[in-house]
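Participant: sequence first, then the predicted structure, then my questions.
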Amino acid sequence: MGSWYKRSTPIISFKEGKSLLRNFLVYGKKGLTINPYQGCHHRCGYCYATYQWSPEFYDHIYTKINAANLLYNELKKAKKISCPVMISSATDAYQPAEIKYGITRECVKLLQKFGVPYYIFTKSTIIERDFELHKQYSNNCFIVWSITTCDDIVKRIIEPGTPNSNSIFKVIKRFAKGGVNCAINIDPIMPFITDSKYNLEKILDYAAANGVGYVSSGILRLRSDIWKRVQFILHTLHKEDVIKQYMQIYNINDFTITKNSLLVDNEYSYNILDLVKNECRKRSLQYRFPNLIYKTNHDLTNENSRAVTLLDYIK
Ligand code: SF4
């Protein structure tokens, strides 16, 4: 079970895809996503994307070498793009392979060229290479930084392939001060691992000190494979004593945790999310995302009421 946790360098291969822009449903609304890579170097134990690609998700990264060509052709053919594009839903587009191959950078340039707004979700510092690129499009893009903890000892165990929190916040500061729309998404909050008031306050302190305006958060959802990794994490952190409490707040028994995700119980969820909201208020951080007015060459108004928003993508 600990194999996902070993900090080994993944194999990198190339893959030619047939399409890049993918439709997906976000709470009944149409969303669009691109994933320049398959698999992820960041090795987060709580990762929801592993299910589709495991067991090699963390160990074998496929670089979609023809991604920019595909995207160019798709954007050229598209009469309209009905919503902002999410980069990316099932990998981190700024993982280490991006330094060498630059696939994400080429895709971002194309989205800008065709006037398409985009959101980027990342927990990487590699995005700093493209600071000027995003800055020149700052009214039309939004960067969401996924931060789960500022405790780098815990971080090494729950997401061993990610950079340390200080270096991430240095990059966030540069983007936020540079006028790029930035948000912090504290997701997932892992019960008994990253849910302490101290940890949540520290993330919010860093967010406020580094110029981030918007915050969101969510509690870990459990699936059978994620639950196995969470138990490994609890053992590694010498927190075996809370396994029973986990089972209670997720109402787990051996038969109920299968393919579907389990949500934590309402009381736990309410208490933690309420804490985050209150602490945001104290720091003048907004626990919401703005409705951005996108500039676009495409008709985003056609299905306006049905158009996906940032909040839809992350909730
Ligand atoms: S960065 Fe995202 S996609 Fe990559 S392992 Fe972590 S949760 Fe999964």
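Facilitator: Everything's here; your move. Bear in mind the structure is a predicted one, so any value in this text is a computation, not a measurement.
Participant: endpoint to endpoint, stretch 32-47 covers what distance?
Facilitator: Stretch 32-47 stretches 20 Å from its first residue to its last (Cα to Cα, to the nearest Å).
Participant: thought residue 15 was touching residue 38?
Facilitator: Yes - Residue 15 lies in contact with residue 38 (Cβ atoms under 8 Å); the separation is 6.7 Å. Any C-beta I mention is one placed from the backbone N, CA and C, and that applies to glycine too.
Participant: please enumerate the shared neighbours of these two.
Facilitator: 62, 64 (Cβ atoms under 8 Å, 6 or more residues apart in numbering).
Participant: those two: who's more crowded?
Facilitator: Between residue 15 and residue 38, counted using other Cβ atoms under 10 Å, the more crowded position is residue 38 (20 against 13).
Participant: how about the contacts made by the more buried one?
Facilitator: Taking Cβ under 8 Å, 6+ apart as the test, what residue 38 contacts is 15, 53, 61-62, 64, 90-91.
Participant: repeat that with 6 Å
Facilitator: Each residue near residue 38 by Cβ atoms under 6 Å, 6 or more residues apart in numbering is listed here: residue 62.
Participant: contact partners for residue 49?
Facilitator: residue 90.
Participant: okay, it: pLDDT?
Facilitator: On pLDDT, residue 49 comes in at 89.
Participant: quick one: it from residue 121, how far?
Facilitator: Shown here: residue 49 relative to residue 121, a distance of 11 Å by Cβ to Cβ, to the nearest Å.
Participant: what does the stretch 1-150 of the chain put close to the ligand?
Facilitator: The stretch 1-150 of the chain comes close to the ligand at residues 40, 42-44, 47, 49, 91-92, 123, as judged by Cβ under 6 Å from any ligand atom.
Participant: quick one: which of the residues you listed is most hemmed in?
Facilitator: residue 92 leads these on contacts (other Cβ under 10 Å) with 30 neighbours.
Participant: is that residue in a helix, a strand, or coil?
Facilitator: Taking DSSP: H, G, I helix; E, B strand; the rest coil as the rule, one finds residue 92 in the coil state.
Participant: tell me the confidence at it?
Facilitator: Predicted confidence (pLDDT) for residue 92: 97.
Participant: am I right that residue 186 is in a strand?
Facilitator: Yes - under three-state DSSP, residue 186 falls within a strand.
Participant: pretty sure it sits against residue 217.
Facilitator: Yes - if you go by Cβ atoms under 6 Å, residue 186 and residue 217 touch, sitting 4.0 Å apart.
Participant: where exactly do the helices run in the stretch 201-315 of the chain?
Facilitator: 224-236, 243-249, 266-282, 310-314 (DSSP state H, counting those that start in this stretch).
Participant: what's the longest one packed up against?
Facilitator: The reference is to helix 266-282. When contacts are defined as 3 or more Cβ pairs under 6 Å, 6 or more residues apart in numbering; DSSP states H and E, helix 266-282 sits against helix 197-209, strand 214-219.
Participant: pick out the residue in the stretch 201-315 of the chain sitting closest to the ligand.
Facilitator: In the stretch 201-315 of the chain, the residue that lies nearest the ligand is residue 226 (10.5 Å; Cβ to the nearest ligand atom).
Participant: what's the closest non-adjacent residue to that residue?
Facilitator: residue 46 (5.9 Å; Cβ to Cβ, 6 or more residues apart in numbering).
Participant: one more: residue 181?
Facilitator: Residue 181 sits nearest to residue 142 (Cβ to Cβ, 6+ apart), 4.4 Å away.
Participant: over to residue 16?
Facilitator: Residue 16's closest residue in space is residue 66 (Cβ to Cβ, 6+ apart), at 4.9 Å.
Participant: correct me, but that neighbour touches residue 18?
Facilitator: No - under the criterion of Cβ under 6 Å, residue 66 makes no contact with residue 18, lying 9.3 Å away.
Participant: more neighbours: these two, which one.
Facilitator: Taking other Cβ under 10 Å, residue 66 and residue 18 do not tie; residue 66 has more neighbours (16 against 6).
Participant: and the pLDDT at that one?
Facilitator: At residue 66, pLDDT is 97.
Participant: and for residue 59?
Facilitator: So, for residue 59, pLDDT stands at 89.
Participant: how about residue 24?
Facilitator: 81.
Participant: quick one: contacts for it?
Facilitator: 31, 33.
Participant: SS state for it?
Facilitator: Assignment for residue 24 (three-state DSSP): strand.
Participant: kindly state the beta-bridge partners for it.
Facilitator: On the basis of DSSP bridges, residue 24 is bridged to residue 31.
Participant: how close does it sit to residue 155?
Facilitator: 29 Å.
Participant: stretch 114-132: how far from the chain's middle?
Facilitator: The chain centroid and the centroid of stretch 114-132 are separated by 12 Å under Cα atoms, centre = their mean, to the nearest Å.
Participant: can you tell me the distance between the two ends of it?
Facilitator: With Cα to Cα, one end of stretch 114-132 sits 18 Å from the other.
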